[in-house]
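[1] dropping the sequence and predicted coords here.
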Amino acid sequence: NSIKPSPALRAPSPKGRGKSKEVQNKSGMTERIQGTAWQSKNKKLKSKEFYLKQPWVFEFEYIPEDNAYTAEVKGLSCYSNGKTMDEATKNIWAALEFHIEGMLECGKEPIPIDEDKATGRLNIRTSKSIHLKLIKKSMDEDVSVSHLINDAIVRVYG
């Protein structure tokens with residue numbers, strides 16, 4: 001069962017799309033990053049109470065083997081459980097509050113990921129030398145560059 005108190009919170013459209021900024025990376029080299037990357041780091045975060053009042057979407061599932069309910073805040077990787085639906089509801093709200101506190105302490109805005117936006121397509125830019133290495137490696141392994149990159153992503157991130 002999915003309980004949807006109201007539509008999911010959506011991230012606002014980023015301002016300054018297309019703008020970029022030069023920054024110094026960890027190795028001391030200067031690189032240009034897109035506006036949304038550096039703007040999100042400098043964004044003023046709101047209070048925990050503000051984020052708790054947002055229209056979060058919860059999903060509950062009864063697990064017969066455990067005689068318990070699991071609860072998830074959709075798009076936020078926040079989970080809890082409880083022996084009854086009431087307990088699971090109470091626990092997921094406590095977990096959400098804890099999750100929001102942790103994200104705010106790390107300077108991150110607790111906005112859920114819109115799973116509908118994951119299309120399976122990923123476009124990346126890289127240097128010509130890295131691209132050439134990928135082409136050679138993919139030829140050695142007799143696979144496409146896309147296949148090679150996908151396998152590398154799966155090995156690192158699961």
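    That came in fine, so what should we check first? Since the model is a prediction, treat every value here as computed from it, not as a measurement. Numbering: from 1, shown residues only.

[2] CA atoms for contacts and neighbours, from now on please.
    Will do.

[3] tell me which residue is most central in this protein.
    Centroid-nearest residue in the chain, with C-alpha atoms, centre = their mean: Ile113, separated by 5.2 Å.

[4] pretty sure that residue is in a strand, no?
    No. Assigned with DSSP: H, G, I helix; E, B strand; the rest coil, Ile113 falls outside any strand and is coil.

[5] from Glu61, how far off is the residue nearest to it when sequence neighbours are not counted?
    Nearest non-adjacent residue to Ile113, counting by C-alpha to C-alpha, 6 or more residues apart in numbering: Gly75, 4.5 Å away. Separation of Gly75 from Glu61 (C-alpha to C-alpha, to the nearest Å): 16 Å.

[6] check Lys136 too.
    From Lys136 to Glu61 the distance is 48 Å (C-alpha to C-alpha).

[7] could you do Asn81 as well?
    9 Å.

[8] shared neighbours of those two, which are they?
    69-71 (C-alpha atoms under 8 Å, 6 or more residues apart in numbering).

[9] between these, identify the one with the most neighbours.
    In terms of neighbour count, Ala71 stands highest of those at 24 neighbours, by other C-alpha atoms under 10 Å.

[10] which residues touch it?
    Applying C-alpha under 8 Å, 6+ apart to Ala71 gives the contacts 58-61, 79-81, 88-89, 92.

[11] check Met103 too.
    By C-alpha under 8 Å, 6+ apart, the residues touching Met103 are 109-110.

[12] swap the cut-off to 10 Å and go again
    48, 109-111 (C-alpha atoms under 10 Å, 6 or more residues apart in numbering).

[13] reformat these as a markdown table; add distance to Gly120.
    Formatted as a markdown table, the contacts of Met103 follow (distance: C-alpha to C-alpha, whole Å):
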| residue | distance to Gly120 |
| --- | --- |
| Lys48 | 33 |
| Glu109 | 24 |
| Pro110 | 24 |
| Ile111 | 21 |
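
[14] which of the residues you listed fall within helices?
    Lys48 (DSSP state H).

[15] any chance you could map the strands in this protein?
    Assignment of strands within the chain using DSSP state E yields the ranges 2-3, 20-24, 30-34, 58-63, 68-73, 78-82.

[16] understood, closing this out.
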